[in-house]
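1. only geometry, no sequence info:
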């Protein structure tokens, strides 16, 4: 796994390549603020309701976890010069994220396809993963498709 460096071309990537984007901490204050604004379900907002839920305690919104991990990748600048946007994502949240959890973020290149109709670009299929640093448990998996300049 390598550290991200700003890419100048789709052609600098290879299938199977993995990048390490460091980690982030999901604080209780951020979890509550995100939930109030975007996902106001009781197990994201209220300690008592969360304790009585299937989660047994307060958890981050999956949307918050997704946003935080995606932002970790984008803020690195790796795709700043080459990104032309994406065409979709598939997201799985196999384990909850709790206040104070530190999440390690990585990205693996799964498929690279040069465009046949537009030779100035390529299609990248990738998988962003987030793992709880304390125990290595996978908390999010984001499979996406991006268009990149060549």
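-> Everything's here; your move. Keep in mind that this is a model prediction, so the values were computed, not measured.

2. And the longest helix that the chain contains, what's buried?
-> If you go by DSSP state H, the chain has its longest helix at helix 62-75. Buried residues in helix 62-75, counted by 16 or more other Cβ atoms under 10 Å: 62, 64, 65, 66, 68, 69, 70, 72, 73. C-beta coordinates here come from the backbone N, C-alpha and C atoms, glycine included.

3. just checking, the fifth one touches residue 24?
-> Spelled out, that is residue 68. Yes: between residue 68 and residue 24 a contact is recorded at 5.7 Å, counting by Cβ atoms under 8 Å.

4. Next, the distance between the ends of stretch 111-119.
-> Stretch 111-119 has its terminal residues 17 Å apart, counting by Cα to Cα, to the nearest Å.

5. ok, back up a step: any common contacting residues for residue 68 and residue 24?
-> Common contacts of residue 68 and residue 24 (Cβ atoms under 8 Å, 6 or more residues apart in numbering): residue 103.
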